[in-house]
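> predicted model and sequence below, questions to follow.
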Protein chains: 4
Amino acid sequence: MKTIVIHAAKDLRIEERDTEKPGVGQVQIKLETGGICGSDLHYFNHGGFGVVRLKEPMILGHEVAGRVAQLGDGVEGFKIGQLVGVSPSRPCHACKYCAEGMFNQCLNMRFYGSAMPFPHIQGAFREILVADATQLVSAEGLSAGEAAMAEPLSVTLHATRRAGEMVGKSVLITGCGPIGLLSILAARRAGADLIVAVDLSDYCLGMAKKLGADVTLNTKDVPDALDIYKANKGTFDILYECSGAQIALTSAIGAMRPGGTIMQLGLGGDMTLPMMAITAKELSLKGSFRFHAEYATAMSLMQKGLIDVKPLITETVRLENARAGFELASDRSKAMKVQIAF
Amino acid sequence: MKTIVIHAAKDLRIEERDTEKPGVGQVQIKLETGGICGSDLHYFNHGGFGVVRLKEPMILGHEVAGRVAQLGDGVEGFKIGQLVGVSPSRPCHACKYCAEGMFNQCLNMRFYGSAMPFPHIQGAFREILVADATQLVSAEGLSAGEAAMAEPLSVTLHATRRAGEMVGKSVLITGCGPIGLLSILAARRAGADLIVAVDLSDYCLGMAKKLGADVTLNTKDVPDALDIYKANKGTFDILYECSGAQIALTSAIGAMRPGGTIMQLGLGGDMTLPMMAITAKELSLKGSFRFHAEYATAMSLMQKGLIDVKPLITETVRLENARAGFELASDRSKAMKVQIAF
Amino acid sequence: MKTIVIHAAKDLRIEERDTEKPGVGQVQIKLETGGICGSDLHYFNHGGFGVVRLKEPMILGHEVAGRVAQLGDGVEGFKIGQLVGVSPSRPCHACKYCAEGMFNQCLNMRFYGSAMPFPHIQGAFREILVADATQLVSAEGLSAGEAAMAEPLSVTLHATRRAGEMVGKSVLITGCGPIGLLSILAARRAGADLIVAVDLSDYCLGMAKKLGADVTLNTKDVPDALDIYKANKGTFDILYECSGAQIALTSAIGAMRPGGTIMQLGLGGDMTLPMMAITAKELSLKGSFRFHAEYATAMSLMQKGLIDVKPLITETVRLENARAGFELASDRSKAMKVQIAF
Amino acid sequence: MKTIVIHAAKDLRIEERDTEKPGVGQVQIKLETGGICGSDLHYFNHGGFGVVRLKEPMILGHEVAGRVAQLGDGVEGFKIGQLVGVSPSRPCHACKYCAEGMFNQCLNMRFYGSAMPFPHIQGAFREILVADATQLVSAEGLSAGEAAMAEPLSVTLHATRRAGEMVGKSVLITGCGPIGLLSILAARRAGADLIVAVDLSDYCLGMAKKLGADVTLNTKDVPDALDIYKANKGTFDILYECSGAQIALTSAIGAMRPGGTIMQLGLGGDMTLPMMAITAKELSLKGSFRFHAEYATAMSLMQKGLIDVKPLITETVRLENARAGFELASDRSKAMKVQIAF
C-alpha cells in the first residue's frame, strides 16, 4: 500500500509499506480522506517545530476517515463498508494521568504522526490503516471529508470545554487558519454572542465571516484594529489564541476584560508577555492541548447538523498529488483545509 | 388606558388606568405584545401558588415588548418608534445581593406582576407602560411577539449558565411547557448533544420534537419510558426539571449519571425526594430563579437567528379577548405560548 | 483468627475464620484498631438501612489500621512492622467511572463490609487482614487509633473538596456525630471562618465546641435556634448535612444564603424538601459519597498535625467486648467514636 | 500631624499636614502601625515600577491599623479607642465592575498610596487618618502590628480563593518575601498538603520554614533544585509566583503537573514564557490583584488564631526613623516585614 512519508523538510515521498492485518480488538480501514494539519505542515516545511524534530522517516497524518474493510476478533458494533472516523488519540490507559481520566496528558501517548518520542509514532496517511476499535467512531451520514474534520474540530471543542460556560459571552479569535475557524464554530455552538475574528489574511477573514464571525479585522491594514474593544479595561470574555504569534496574543491581552479567559491553542515558541496586565486584570491564560472524549462529540454534532465544517474544506487532492496538496495548504492566502483522497 | 387586572381566581378584568408620563431616565412604551406566563396562569386559575396569594387587585404580565413612545429626561440610545423588549427584573441596586452582582436575589426586587410583597408589584399588561431605560433592550429585526419571548428565554439561559459547560452533554428535559421547550433551545444553543424530552401531553411532545429534541417520551403511555436511560447508574449529565411535579423529578433522578446536575426550574410545592440516590450518586440539585443580565443575551441570540422561538408562539389574541387567551393558555393540549396583542 | 460478624439485627458474633496469605501485590496486616462506623451500627441495630439489608452473615468494619506482617510478591515500599491505614475503597479500575477517575462511583466497588451486592462484601474487622498494597498508606507517627480515623476523615474531606473553595466561608453543620465533628475539622482545615454546629445532644455539642465550632446550638431546647441566621434570606454559605434527618435539612435551608451549597452526607431515607426555597434561593444541594484519593490526604494531614482527630476517640474496647462497644457507640449521649483494639 | 511623603527615588520626607475631621459616615483614626509594602519600596528605591511613576509628592502606605478617635455623623458599630484595621480598597461602587461585585477591578479605585492616576491617591502613613466607616474592621484581640498585616494577608487570601479548592494539594511558592510567606500561611489555611518554598535568600527560606513550609530550596546554591519535582511531567498542583522574576516562573513551569494552576502575584515587567509547555501541559496562569472582601476575612482568621502572622513582623521602627525602616525593609537578608509605629 502507499503511504505519505516525510524524510526531512521539503522531502515528502509516497512510499510503499506492507499492509497490516487487524489483531484482536482491531479493525482494518480502507482510508478515504486525510486532512493536512498544521503540524504536518511544520514537518513538511521545517522538519519539525520547537524541540520536536524529525530524526527518522515518519508517515504523516492524523485527521483521517475511511471505510471498515476487515474486523479483528472480538470487535462488535462495526460492519464492513461503514464510514468511520479514526481518532489519533491513543493513550496507554495505564499511566498516572490516564488513571485520572486525563487521557490527553498520557505519559505514553502514541498520537499518530508525532516526532516527539523516538522512534517516532508513525502516522495515518496510508491506504490501509489498522486501528483499535476503540479509536473508531461511526461517521454515517457524513462525507469522508467531513468525518476527517472531526479531529481538528475536537481540538477546538476541548478548548471550548476548558474555557467554561460560554452562553452570551463575547469571544475574540486570533488567527483564522483551520483551528481558528473551527474555534468560531465551536464558540458559536457553545452559545457565544459576539465573535470577533482577527488575522493578517483577507482570504482567511473572508472564511471567518462565512463561518459566522460577527466582525473580522485585518491587523495588517489596521494595526490598531483591536483598540475599539479596549474600553473600560477591555471587553472580551474569552480569547482563542490560534496563531501562535506573540504579537497576536499581546495585542489581544489589552482587549480582554478583567477576569477574562485566554485559551492558548496556537503552538509557538517562547513568548514575551505583559505580565503586569495579566496580573492586574486577573486574566486566566489556559493552555489547551489535543482532546480525547471530544472526538465522538465532534462527530455527533456534525451528524446532527449542529456544526457544519464543509466550508472549510477548500481543496481535495489525489494521493499522487500529495506534495502539491502540502504546498497548497502552506499558502494561507489560497486554501484553508486541504485534504487528500486515498 | 386599558390594563389586565386579576382580582381573584378566575376573576380577570380589563380595567382603565391613568396613563403615566416618563420621569427622568424613564421611557414611555406603547405595548404591542404581552406573553402569558405560568405564574400569570397560577393567579388566574388559583389566585396564587404556594404561600404567594393575591391580596389585592394586581395588573398581570411581565413578558412584554412594545414601541418607544416618549423619552424622559436624560435618556439616550433609544428613539421614538423603536421596538424594545422590557425586562421585568427591577432590582434595587443597593442591597447586599445587588452589591455582589446577584441581582436576581435582590432583597427588594420589584418584578412585574408579583403578589409576593404587599402592596403587590403591579404588572406590565397595560397599553402604555413607563419603564426605566435600563430595563429596555432594542428588539430591532424581531417581531414584537419574539421580543416578548426574551423574558422566558432568559429564565432558561440563566439556568443553562448555572448548569455549567454543556458541549456534547446529554440532557433530559421534564415538562414541555414553554419553559421546557425554551430549555431545549437553550441547551442546544449551549452545545448539548443528546436531548430527551418528557411530558404527559402528545401535543407538548410534538412541539418538543419540532424544537429539536432528539427523543420524546410520553410517560403517560409508557410509565417506565426513562428506564432505558438507567444503565450503569444512569446516563444524563444534566436535567432541566420544568414540570414542578415530584414524580417527574424522582423518576428522572434514576436516569441521571453519577455526578450529574439537576436544574430545578419548575416551581412546585414541597417534594419528597430519594435522598439516598442523590447522595450516593453525588448529584447536584440546583435551584434556578429568574435572571438578570441574560435578558439582553436572549434578545441578541434571537436577533442573530441563533435561537428561534417563533414555533412556540401558537396563539395571539386581542386585548379584549384576554380572558379567552388565559383559558387557552391553561390548556396544554391546545396551545403553547399564548400572547396578547395590545 | 477472630472476626466480628453480624448475622442479623442485634446478632453480633465473634467468629473464627481462616487466616489468608498475601497474593501478588498484596500485604498481610496484623490489625490493631478498627473504628465502628454509622453503617456498622445500622447493621447492628436494624440489620441494614433503606433497601440495603443483610441477607447472609457479614464481617463488619472498614475503618482499620494495623501493622504490616507479611509482604506478597512484587510489593515494594512497605516493611514488616510498619503501621499502615487500609483504605476500604476497592474500585475495579476497569468500569466506565473508574476510567474517568470517578473511583468512588465504580460500578463494581468492593467496599469493606457492604451488604449492597450479594454475596456481600466482607469487612475488615478481623485479626489478620490481607489487602492490596495499593490500599495501604503509611501511618508513621500516628497511633493506630488515629490511623483508623483516616477513613471517616476522608469522607468529610471528599465532601469538602466537592463543596469548593472555602476560605472565609460561613459554615453550618447539622448532626454532630463523628461525621459532623470531622466535618468541623475539615471545614476549618479548608479555611472556613464561622462554623456553627447543631445537634439534639449536649454531649455531641460539647464535642463540637471542643473541636472548634464557634457556636453550638441545641435545637431540642431551642427549636428556633437557627432563626437568628435567617436575616436577609439567610447567612450560611455552606451546609454539611450529617444527620440524615429531614427536619435538620429543612430547617437549615431557611438559614442558607442565596446561592449557598448544601453537602448531603447523612444517609437517610426519602425526605420532603421545600423545593420552592431551594429553587428561589438558587441553592445547590450536592450529594457526597465515600471518597478515594482523599484517604492518603487524610493520613498526611493528620501526620503533619494539621488535623487532630484524637478528641473524637472516646472509647477503645477489646475485641472480646466488641458487642459492648457497638452498644456504647449506639448511644450518642455517652460516646463519640468507639474503636476496637484487635 | 506628621506624614511620610515620597518625593522621588530615595527622597523620603516626614512632613506636616493638616489634620482632617471625619465627615458623614467617616471615622477619624489615630494611627498606631503602618507596614511597609513592596510597592512602597518600589517608590522609595526607584520612584515607581513599570509605567507607574511618581509625578508629584505622595504620602505612602496602605497597611495600617489604629484606634478610633472620633466618629462622623451616622457612624454606628465603632467606639472611641477601639483598635481597627483600615482597608485601603476604596472602589467607587458605581462603575461596571463594582456593579458586578468585582470591586478590586473598579475603574475608579482610590487605593491608598498609588501613583497610577494623577493626581496620585495619597496614602495612609499619617498620624491621623480619616476613612470611611465601611473601610474599617474591628481588630479586637490583636496587636496593632498584626492588624496592619490584614492588608497583605488579604492579597494572598484573594489569590488562594482564585486558585480554587486546595485540600490536600501540592503547592509551590516562588519568592519568600512577605507575600510569599503569607501565601504559605494562606495555602496551609486552605488545606494544602505539601508546601515547597523557593528563594535565593537563606534568611527568607528560614522564615519560610518557620512559617510552615515543608521543604525549602535555595536556587542560588542549587540551580536545579526544582528538578526533583519534574517527574511525570511535574508534580505541583498550584504555584504562587510571588517573586515577579521571570527565571522563577519559567523554572517552576517545568515542575507543575499537567492541568496545574499558577497564581501570578509578583508584579514584574514583561516576561518571556515557554508557551509550548504552558499549552501542552494545559496549565492555567491566573493573575491575582489586590482584594476586597478578603480584608475582613483576614482579620477574622487572625483573631481566631487560625493564621498567625506575628513571626513575619521582624522590625518596628518609630515614625522619625521611617527612612531607616525603608532601608531595612529593602534588604531581604536582614528583615521581613518592617512596620512603623506612629
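On my side now, so go ahead. Numbering: from 1, shown residues only, chains lettered A, B, ... in the order given.
> please report how far A:A208 lies from chain D.
According to C-beta to the nearest C-beta, to the nearest Å, A:A208 stands 22 Å off from chain D. All C-beta atoms are positioned from the backbone trio N, CA, C, and that covers glycine.
> what is the neighbour count of that residue?
A:A208: 26 surrounding residues under other C-beta atoms under 10 Å in any protein chain shown.
> need the strands for the stretch 1-150 of chain A, in chain order.
A:2-8, A:11-16, A:26-35, A:48-49, A:52-53, A:58-59, A:63-71, A:83-86, A:128-132, A:136-138 (DSSP state E, counting those that start in this stretch).
> and among those, the most buried is which?
strand A:83-86 (a mean of 26; mean count of other C-beta atoms under 10 Å in any protein chain shown).
> circling back: of all the strands of the stretch 1-150 of chain A, which one is nearest chain C?
strand A:128-132 (14.7 Å; C-beta to the nearest C-beta).
> with respect to D:Q135, which of the strands of the stretch 1-150 of chain A lies nearest?
Across the strands of the stretch 1-150 of chain A, D:Q135 has its closest neighbour in strand A:48-49 (52.6 Å, C-beta to C-beta).
> mind listing what the residue lying farthest from the centre of chain A touches?
Within chain A, A:N232 marks the point farthest from the mean C-alpha position, 33.9 Å out by C-alpha atoms, centre = their mean. By C-beta atoms under 8 Å, 6 or more residues apart in numbering or on different chains, A:N232 lies in contact with A:257, D:95-97, D:107.
> which of the residues you listed are buried?
A:257, D:95, D:97 (16 or more other C-beta atoms under 10 Å in any protein chain shown).
> so what does A:I228 have for phi and psi?
A:I228 adopts backbone torsions of phi -70, psi -10, taken as degrees, to the nearest 10.
> that one and C:G180: what is the separation?
Using C-beta to C-beta, to the nearest Å, A:I228 is found at 56 Å from C:G180.
> which of those two has more neighbours?
The neighbour count for A:I228 versus C:G180, taken as other C-beta under 10 Å, is higher for C:G180 (26 against 12).
> quick check: closest non-adjacent residue to that one.
C:C242 (3.8 Å; C-beta to C-beta, 6 or more residues apart in numbering or on different chains).
> same check, this time on A:D73
Leaving aside its chain neighbours, A:D73 sits nearest to A:V24 (4.7 Å; criterion: C-beta to C-beta, 6+ apart).
> related to what we said a few turns ago, how about the contacts made by the residue nearest to C:G180?
So C:C242 contacts C:173-177, C:179-180, C:183, C:265-266 (C-beta under 8 Å, 6+ apart).
> show me which pair in those residues is furthest apart.
The widest separation within the contacts of C:C242 (C-beta to C-beta) is 12.4 Å, between C:C176 and C:L265.
> from what I can see A:K21 touches A:A69, true?
No: with contacts counted by C-beta atoms under 8 Å, A:K21 stays clear of A:A69, the gap being 10.5 Å.
> overlap of the contact sets of these two?
With C-beta under 8 Å, 6+ apart, A:K21 and A:A69 have common neighbours A:Q28.
> next, count neighbours for A:K55.
So A:K55, with other C-beta under 10 Å, has 11 neighbours.
> any idea of the pLDDT on it?
At A:K55, the model reports a pLDDT of 97.
> which residues touch it?
So A:K55 contacts A:115, A:118, A:120 (C-beta under 8 Å, 6+ apart).
> identify the residues contacting the residue in the stretch 201-342 of chain A that chain C sits nearest to.
Of all residues in the stretch 201-342 of chain A, the one sitting closest to chain C is A:A293 (8.8 Å; C-beta to the nearest C-beta). For A:A293, the contact set (C-beta under 8 Å, 6+ apart) comprises A:103, B:168.
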